[in-house]
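**Student:** turn this into a model:
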Amino acid sequence: MFNALSPEVLVQVLDTLSVRLFWKDRDSRFIGCNRLFAEDAGVADPSQFVGRSDYFFYHPEQAAAFRADDAEIMFTGVAKVGLLEKITKDSGEIIWLETSKWPLRNAEGDIIGVIGMYQDITERVDADSERCRACVSLINAA
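**Tutor:** Residues are numbered from 1 along each chain as shown. A predicted model of the protein is given here:
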């Protein structure tokens, strides 16, 4: 079905999704991403990701963690789904992401990279934390 879509239409489909999508080669260099992924990194044009590594866009510790996950997925062929990741932005702001990654395979089934997606779940994590604080306050008041 997707083979019938022009590249322009496929880009439109990917950019319409509310999740952030990316795909990388065996060296963990970006092959592509959707618009929301690029915007989260402060990049206007997703094509600026092509050929670059996480180290170009992210703090070295975070980039190393991303690449370690990629390497494990490519080595084992086993997806990682629903990872909770705490990210500290350059501004010091902390955000929470729910990330999933899968091996990216060619038509022969060989692993040629990794494909991933994430959602910003900061509001949900903050709300859960607030509920926990409220429960602890009630328990301590009893």
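**Student:** and the helices in this protein?
**Tutor:** 7-16, 35-40, 54-57, 60-76, 122-141 (DSSP state H).
**Student:** out of these, which comes closest to K24?
**Tutor:** In terms of Cβ to Cβ, the element of those nearest to K24 is helix 60-76, at 6.2 Å. Using the backbone N, CA and C atoms, a C-beta is placed for each residue, glycine as well.
**Student:** list the residues that contact the residue nearest to L21 when sequence neighbours are not counted.
**Tutor:** Spatially, and ignoring its direct neighbours in sequence, L21 is nearest to N34 (4.4 Å; Cβ to Cβ, 6 or more residues apart in numbering). N34 makes contacts with 14-15, 17, 20-22, 46, as judged by Cβ atoms under 8 Å, 6 or more residues apart in numbering.
**Student:** any idea how far N34 is from Y55?
**Tutor:** 21 Å (Cβ to Cβ, to the nearest Å).
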